[in-house]
Every structure is written in structure tokens, then in C-alpha cells.
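Chemist: Kindly generate the corresponding structure for this input.
(2 chains)
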Amino acid sequence: MGLDRSLIGEERAGGTLLVTRSRLRLFAKATGQTDPIFVDLDAAQQAGHRDLPVPPTFFFGVDLETPDPFDHLTAYGVDLRAVLHGEQEFAYHRLAYAGDELSSSSKVVDVYEKKGGALRFLVTELPVTDQDGTVVVTMRNTLVVRALPEASS
Amino acid sequence: MAPDLKPGSRLDELTVPPISRHTLALFAGASGDHNPIHVDLDVAKSAGLDDVFAHGMLSMAYLARLLTNNFPPDKLRSYRVRFAAITPVHGRPSCQAVVNGITDVDGERVATLDLTVTLADGTVTLTGEASVALD
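Modeler: Purely as a prediction, here's the structure:
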């Protein structure tokens, strides 16, 4: 199964991530986030949140929460080293919080190429739902697969 | 909180320290993106690169900090970016947001922001757009 337009419409189950305060604090540390509402439960609650809120781009990791998050790319014959992130989009429906269990699914919505096939594009839409089945955010991402230099292995 | 915004209003720029290898390792774990090309020099070299490079999502997260510095997180309606260039390790991203317009959407006042991340040498690494409810 190659990376071509026959993939359009293909759906797969994604990942499931039980959001913990400690994972959110690690994310804050890694991104230099010092706003207390993202790390301090008291500050979050004083701001009206029921727990630490999930920051806007953290959701990207939900779909990666599987034993081998890139195995579908391997199945398409794509070398992970050749993959670049082209575009990323989030449409927010409601906030999520520490304690929520988030799950993703994904559907291929477009595949195209540029530069005579030197760059191939894979566009996927991924709704993320919480433990009640409510969609909290809809993600759309575009991966770019470049041609790797010859003789690299 | 954002002051009175109007088209052309510019949010305070957010500049972060140069991205270290340590930051890339932390972000790999925190974000769940364990692609070795961001943390393992051997893998980067095998792909024809001179060095590892930062996750695009790290810059998108920095830019999100600029948004949540100015607006409560529940006011964010949409956020999208295009990754225009790779951010090398030691790159120093600077995040900018300018109000493009303010419109009524489904009964709320929504500001559309044009977003840019640039490196110290002027390279634009990321462009994008966010919409934020103001009421």
C-alpha cells in the first residue's frame, strides 16, 4: 500500500491518552510555560477551571499514544526520516482537563504531490473525543514526505 | 488579558531562549512525538541532515503561549499554522501576532490574528492564524 490517492477516505483508530497533571506539567516545562493556570491546581481553580487545562497544542500527542504511532506511515512505505510536518490545524469545541481520557481517530482526507513527486503530502483529519464521547477538538494535519538523498540508510 | 483590540493591534512579542538539545528531549517526552530525528544525531545524519532539528509542534506551542498569555484558553476557537522552514537546534524563535480583523461569528465577537514565528536571522519558520472570542 503506497502513499497515493487510493488512501483518501481510509480511517484508522488513533490513540488514547489519560491526561495527568504530571504530563501537563512536563509539557509546560518543555515549552517554557510558566503561566500558573497550566501547572498549579490552585491557580487553575481560582481561574474557574475544574483542573489543569490542556494547553492548545497538547492534543497533537493524543494520536501518538499508541505502541507504534508511526506504523501507518511504515505501512504506506514512508521512511519516517523523510517526513516533515507541513501544516497543523485545531478547531476547538471545549476545554479538556487533567483527568480526562482523550481518544483520537483519523481519516485521510487528501493525498497530493508537488515538484514531480519529490514532495508528497498526506492530509489527515482527527477528531479528539473525551471519555463521554464528546468531541473536544478537531485536528487536521498535513505531513510532507520528501525524497531522501540516495545511499542513505 | 488583551487590551482593546482593533485591526492592526499587535500583541507583545514572545521570544524564547535558544532551543537546546535538552529542550528537544523534554519536548519529545512531553509531546509524545518520539521521532528520533529530533533527538538522535545519528538518525538525522542518516537522513542527510547535519544535525537534529526542532519539532514544528514546539514552535506551535510557543506561539500558543503568546495566545494564552493574552486570552483565556477557553476563548480560543481555532488555531492553524503552516511550517515554512525547519528550526535548527539553537534556533531562537520569536512569536508575533497581529489582529487581522474582528467579526461577529455565531453571536460572539471573534478576533482573527495573523501569526508568525521568526528566527534571529529573520527566517520565517511558521505562519498561521488563530481566531479568539473576545466577549
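Chemist: Just list what the top helix by length along chain A packs against, helices and strands only.
Modeler: When chain A is parsed with DSSP state H, its longest helix is helix A:21-30. For helix A:21-30, the elements it packs on are helix B:21-31, judged by 3 or more C-beta pairs under 8 Å, 6 or more residues apart in numbering or on different chains; DSSP states H and E. Where C-beta positions appear, they are placed from N, C-alpha and C, glycine not excepted.
Chemist: Please enumerate the helices of chain A.
Modeler: Going by DSSP H, chain A shows helices at A:21-30, A:41-46, A:71-75.
Chemist: Ok, chain B next?
Modeler: Assigned by DSSP H, the helices in chain B fall at B:21-31, B:41-46, B:56-70.
Chemist: can I get these in TSV with distance to chain A?
Modeler: Putting these into TSV (distance: least, C-beta to the nearest C-beta, whole Å) gives the following:
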stretch	distance to chain A
helix B:21-31	4
helix B:41-46	6
helix B:56-70	4
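Chemist: Any idea which of these gets closest to A:Leu26?
Modeler: Of all the helices of chain B, helix B:21-31 sits nearest to A:Leu26, with 4.3 Å by C-beta to C-beta.
Chemist: In that closest one, which residues are buried?
Modeler: B:Thr23, B:Leu24, B:Leu26, B:Phe27, B:Ala28, B:Ala30, B:Ser31 (16 or more other C-beta atoms under 10 Å in any protein chain shown).
Chemist: tell me the angle that helix makes with helix B:56-70.
Modeler: Here helix B:21-31 points in a direction 80 degrees away from that of helix B:56-70 (axes from the mean of the first three to the mean of the last three C-alpha atoms, to 10 degrees).
Chemist: elements contacting helix B:21-31?
Modeler: Using 3+ C-beta pairs under 8 Å, 6+ apart, helix B:21-31 sits against helix A:21-30, helix B:56-70.
Chemist: right, so those: which one is the most enclosed?
Modeler: Mean neighbour counts were taken over those using mean count of other C-beta atoms under 10 Å in any protein chain shown, and the top value, a mean of 23, falls to helix B:56-70.
Chemist: Alpha carbons of that one, as PDB, please.
Modeler: Provided in PDB are the C-alpha atoms of helix B:56-70 (Å, rounded to 0.1, in the frame of the first residue of the first chain):
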ATOM      1  CA  GLY B  56       7.500  22.000  14.400                       C
ATOM      2  CA  MET B  57       5.000  21.500  17.200                       C
ATOM      3  CA  LEU B  58       7.400  23.100  19.700                       C
ATOM      4  CA  SER B  59       7.200  26.400  17.800                       C
ATOM      5  CA  MET B  60       3.500  26.000  17.600                       C
ATOM      6  CA  ALA B  61       3.400  25.500  21.400                       C
ATOM      7  CA  TYR B  62       5.500  28.700  21.900                       C
ATOM      8  CA  LEU B  63       3.100  30.600  19.700                       C
ATOM      9  CA  ALA B  64       0.200  29.100  21.700                       C
ATOM     10  CA  ARG B  65       1.800  30.600  24.800                       C
ATOM     11  CA  LEU B  66       1.500  34.000  23.200                       C
ATOM     12  CA  LEU B  67      -2.200  33.400  22.600                       C
ATOM     13  CA  THR B  68      -2.900  32.100  26.200                       C
ATOM     14  CA  ASN B  69      -0.800  35.000  27.600                       C
ATOM     15  CA  ASN B  70      -3.400  37.300  26.100                       C
END
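Chemist: No further questions, thank you.
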